[in-house]
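Novice: Structure for the following, please:
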Amino acid sequence: MEKVSGWAHTTEVDAYVVTPHNLEELRTLIAEVKSARRRICLRGAGLTFGDAIVSANNYIVDLTGLNRILNWSPATGILTAEPGVTFGQIFEKTYKSRWILASVPGSTAITIGGALGMNTHGKNGWKEGNIGDHVLEFELMCADGTTIVCNRLENQELFYAAVGGLGLLGIFTRITLQLKRIPSYAIKRETVTAANLAETITRLEEIGADAEYLVVMTDSFAHYGSRHMGRSVIQYAKFIAAKDLKVQVSNGLADRACPLAERLVNLKALYLLWKALGLCSTGVTAKLVNSYVYYRYALLPAKPVIESCYGFFFINDFIPLAKFLFLEYSVYKRQGVFELQACIPQDKFLEVYRNLFESIQRGRLNPYLTGIKMHKQDDFLLSPYVSGYSINIDIPNFKGREHEIDELFAEMNAIVARHGGRTYLAKDDKLRAEQFKMMYPHHERFRQIKAKYDPDHLFHSEMYQRLFEPNLCSTRVLTV
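Specialist: A predicted model of the protein is given here:
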């Protein structure tokens, strides 16, 4: 056994970790786990924050060994891959033909199987949807070792349950995706500020009509009741046609992917950033950094930047050892970080934001990072996405204040639930079962589908135990 946890280091368990490399090894593993009367928890790159990718005293199946691109058609932009293939692998394979994944999260290390299990999103969710919206078909290995082909017409019920299904219905063994055609690999990125929450939303609506990608960082320390509450820095971007590209882009050429050596540019800036992160172990320095980021752009408006889309999409990869730095030497040193990322209907967002920060201010547990994105609704059973906005709020796991953190997250999740919002499960390990049922109207249908395809709960996680089956024996499989 070994110690395993999610990316945020908030839930750590002892478990057996195995890495199969083909379907036969997967089938053999399933039989062996059943014989051992244990359960299986699926894991890709391990970048999910909370307890969805851990299961105490059970088998963590690391799918990064299934990492082959099986087919790629530059003519159609259709790619078929095993679940352990990463976004970086796909990018390197397809960029020369001017195709990219239509929904791109923040790291090249994320696996396509993990992304599909969590139905990840990028900076363009309100226009292009999420990764599940671009899946044409997949093959799923079920608890009995058989495989089922699923698409929007064939085994439709399982298709809409497994995408975003947290790895609880089976193992993706083959995934077929439709990629997006782009005019070049260069984007034009612009940065503006908004003085308060209402102005932030107004600017998002205006910018969102034309931009292809956008992301917002709000000042976590501009408190409830302040005229500055919700002030923000907004970055947005759009692809540039190759014929309009007159200069070489920063961080690599527009027409090729940026290898690691080219991404490690401007070392002085990175060094200063690391130093700043290292200082942010207290609320005072975190407040200074939040204020600096806002005033940096408010007082010195930034000029448009032409750069590689690679750098814009995969910003985390421009900081070597990002996880180590963030979790060990920065604001999240205190035993990890808890995050609330919640999707809120558009007409409720202002009220929810105010209510959340009123609770935060009352609890004196200030977040060190807050962000906003735009989304549209999709049809997957456990999808968090609604037409509106998401907010992510990162709060360090302050030692000695565990009970206060629990109570704050319970209050914040209750606010989200009351306003028709949904907490994104890939970032969660605080949501309560009754709140989950309020947020996710199709939870019972998902439970029924799991009972059909996995009646003995072979596929398991601490999150599944917490939200679906709190009375389930976590290590016993009833049928061998």
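
Novice: Spell out the residue ranges of the helices in the stretch 251-400 of the chain.
Specialist: Here the stretch 251-400 of the chain has its helices, by DSSP state H, counting those that start in this stretch, at 260-263, 267-279, 283-299, 309-313, 322-328, 349-363.

Novice: where are the low-confidence patches of the stretch 351-480 of the chain?
Specialist: Scanning the stretch 351-480 of the chain for pLDDT under 70 picks out the ranges 473-480.

Novice: hang on, the earlier thing: rank the helices of the stretch 251-400 of the chain by mean pLDDT and give me the bottom one.
Specialist: Note on these: lowest mean pLDDT is at helix 260-263, with a mean of 38.

Novice: what about Cys142, neighbour count?
Specialist: By other C-beta atoms under 10 Å, 18 other residues sit near Cys142. All C-beta spots, glycine's among them, are computed from the backbone N, C-alpha and C.

Novice: same question but for Val386, I mixed them up
Specialist: 21.

Novice: is it true that it touches Cys343?
Specialist: Yes - the pair Val386 / Cys343 is scored as a contact, 5.0 Å apart, by C-beta atoms under 8 Å.

Novice: Identify the contacts common to these two.
Specialist: 375, 421-422 (C-beta atoms under 8 Å, 6 or more residues apart in numbering).

Novice: residue contacts, Ile391?
Specialist: 340-342, 344, 349, 352-353, 356, 370-372.

Novice: cool, and Lys373?
Specialist: Lys373 neighbours (C-beta under 8 Å, 6+ apart): 121, 123, 125-126, 214-216, 389-390.

Novice: Angles on the backbone of the most centrally placed residue in the chain, please.
Specialist: The centre of the chain sits closest to Thr120, judged by C-alpha atoms, centre = their mean, with a distance of 5.0 Å. Torsion angles at Thr120 (phi, psi; degrees, to the nearest 10) stand at phi -70, psi 160.

Novice: On the three-state scheme, the nearest residue to it once chain neighbours are set aside is what?
Specialist: Spatial nearest neighbour of Thr120, excluding adjacent residues (C-beta to C-beta, 6 or more residues apart in numbering): Pro105 at 4.6 Å. Here Pro105 is recorded as coil under DSSP: H, G, I helix; E, B strand; the rest coil.

Novice: what's near enough to touch Pro105?
Specialist: 87, 115, 120-122, 131.

Novice: Could you check how far it is from Thr86?
Specialist: Here the criterion is C-beta to C-beta, to the nearest Å. By it, Pro105 lies 11 Å from Thr86.

Novice: Tell me if I'm right that Asp14 and Ala56 touch.
Specialist: Yes - counting by C-beta under 8 Å, Asp14 touches Ala56, with 6.5 Å between them.

Novice: which of these two has more neighbours?
Specialist: Ala56 (20 against 12).

Novice: Validate this expectation: that one resides in a strand.
Specialist: No - under three-state DSSP, Ala56 sits outside any strand and is assigned coil.

Novice: Identify the residue nearest Ile394 in space, chain neighbours excluded?
Specialist: You called it Ile, but residue 394 is Asp. Asp394's closest residue in space is Leu369 (C-beta to C-beta, 6+ apart), at 4.2 Å.

Novice: what about the one you found, neighbour count?
Specialist: Leu369, neighbours per other C-beta under 10 Å, totals 21.

Novice: quick one on the thing from earlier: could you dump the contacts of Pro105 to a markdown table with secondary structure and pLDDT?
Specialist: Putting these into a markdown table (DSSP: H, G, I helix; E, B strand; the rest coil; pLDDT from 0 to 100) gives the following:
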| residue | secondary structure | pLDDT |
| --- | --- | --- |
| Phe87 | helix | 95 |
| Ala115 | helix | 97 |
| Thr120 | coil | 96 |
| His121 | coil | 96 |
| Gly122 | coil | 94 |
| Ile131 | helix | 97 |
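
Novice: what number of residues lie near Val85?
Specialist: 24.

Novice: what phi and what psi does the backbone show at it?
Specialist: Torsion angles, degrees, to the nearest 10, at Val85: phi -70, psi 140.

Novice: Ignoring the adjacent residues along the chain, who's closest to Asp133?
Specialist: Using C-beta to C-beta, 6+ apart, the closest residue to Asp133 is Asp378 (5.9 Å).

Novice: same deal with Asp379?
Specialist: Tyr160 (6.0 Å).

Novice: for Pro74, same thing?
Specialist: Per C-beta to C-beta, 6+ apart, closest to Pro74 is Ser97, 3.7 Å.

Novice: Next one: the one you found from Glu82, what distance?
Specialist: As for Ser97, its distance to Glu82 is 20 Å (criterion: C-beta to C-beta).

Novice: again with Glu205
Specialist: Distance from Glu205 to Glu82, by C-beta to C-beta: 40 Å.

Novice: How about Gly371?
Specialist: 32 Å.

Novice: In terms of packing, which of these two has more residues around it?
Specialist: Glu82 (24 against 17).

Novice: dump the residue contacts of the more buried one.
Specialist: 66-70, 113, 173-175.

Novice: Ok, Tyr297 next?
Specialist: Here Tyr297 is in contact with 191-193, 233 (C-beta under 8 Å, 6+ apart).

Novice: Take the contacts of Ile391 and write them to CSV, including distance to Ala433.
Specialist: Output for the contacts of Ile391, formatted as CSV (distance: C-beta to C-beta, whole Å):
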residue, distance to Ala433
Leu340, 17
Gln341, 19
Ala342, 17
Ile344, 21
Phe349, 26
Val352, 21
Tyr353, 26
Leu356, 21
Thr370, 27
Gly371, 27
Ile372, 28
